[in-house]
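**Student:** Sharing a sequence plus its predicted fold:
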Amino acid sequence: MSSDPCEQGSARNGGDTPCNPTRRRVLAAGAGLLGLSVAPGVFLMQAGATSDAGTATGASPHVRWGLLVDTTRCTEGCDACVRACREENGWAHLGQAPTDAQWIRKVTVSDPDTGHSQSLPVMCQHCAHPPCVQVCPTGASMQRADGIVQVDKHRCIGCRYCMMACPYKARSFVHEPVTEFSPNSPRGKGTVESCHLCVHRIDRGQLPACVTRCASEGGGAMVFGDLNDPDSDISQALSRHGGRAIRQDLGLNPGVRYQGI
């Protein structure tokens, strides 16, 4: 059997192919963004991602990428999503908890009234109205037309206003020199970084690394797709079982939703 999640059906979602373009429109959201050189041969963003049809595509304003996490499938000891993100994007823990990067982290939340606790992953919530973008003085914190929030490392001056503005503590500052990094996500000391939903994979018609790894090694707790498409797996799951955002009271309309909290 193929190990490519785009070639396998999802039993949880009724056998639908996760990357079926008619359901997810993944291939309609390529990275038609300006290619910016970080170092010789390394680019922050590719300037002409192409679909299988061979045509250059750009982030579509008709798409709103989202992630749904079923916390009842997420076990406390599982860190498959964290490992996948770290390996895919080249960040690592240096054993310095106060300053270590954490694009995605597992947290345990408890209900003080009942004592019930749950484990769930927290990452950039890709808000429709991201406060990080609003406070950034240089435009380094930016939002694509499809809702994905990113950091332009060339513009980031390390002021960390975005870190203070984020209510989810989802951004990290690079304190140490970076000697090795993944070409998927160039990194550098003195800049801010966070989850970008593996935008390089999305623009190739693939699922984010955390979603793929959760399906193969974890509890299958994550569903990714287009929130604007009523026929997408994520929209169907939200319609059937509901879901809510963390800190809904802030009115930020995050693209990451949770079931079971």
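**Tutor:** Right, received. Where do you want to start?
**Student:** Which pLDDT value goes with the spatially most central residue of the chain?
**Tutor:** Among the residues of the chain, the one closest to the centroid is residue 197, at 2.3 Å (CA atoms, centre = their mean). pLDDT for residue 197: 97.
**Student:** do the same with residue 125
**Tutor:** 98.
**Student:** helix/strand/coil for the residue nearest to residue 232 when sequence neighbours are not counted?
**Tutor:** Among residues not flanking residue 232 along the chain, residue 225 sits closest, at 3.9 Å (CB to CB, 6 or more residues apart in numbering). C-beta here means a position set from N, CA and C on the backbone, and glycine is covered the same way. Under the three-state scheme (DSSP: H, G, I helix; E, B strand; the rest coil), residue 225 adopts strand.
**Student:** Look at residue 225 and say how many residues are nearby.
**Tutor:** Neighbourhood size, residue 225 [other CB atoms under 10 Å]: 29.
**Student:** Beta-bridge partners for it, please?
**Tutor:** residue 66 (DSSP bridges).
**Student:** Distance of it relative to residue 196?
**Tutor:** Look at residue 225 and residue 196: by CB to CB, to the nearest Å, they are 17 Å apart.
**Student:** Please apply the same query to residue 60.
**Tutor:** Noted for residue 60: a distance of 17 Å to residue 196, by CB to CB.
**Student:** Compare the two (neighbour count), which wins?
**Tutor:** residue 196 (21 against 17).
**Student:** That one and residue 142 touch, don't they?
**Tutor:** No - here residue 196 lies out of contact with residue 142, judged by CB atoms under 8 Å, at a distance of 10.5 Å.
**Student:** Return every residue with contacts to both of those two.
**Tutor:** 149-151 (CB atoms under 8 Å, 6 or more residues apart in numbering).
**Student:** Scan those residues and report the most crowded one.
**Tutor:** residue 149 (26 neighbours).
**Student:** what is that residue paired to in the beta sheet?
**Tutor:** residue 143.
**Student:** Contact partners for it?
**Tutor:** When contacts are counted by CB under 8 Å, 6+ apart, residue 149 touches 124, 126-127, 130, 132-133, 141-143, 194, 196.
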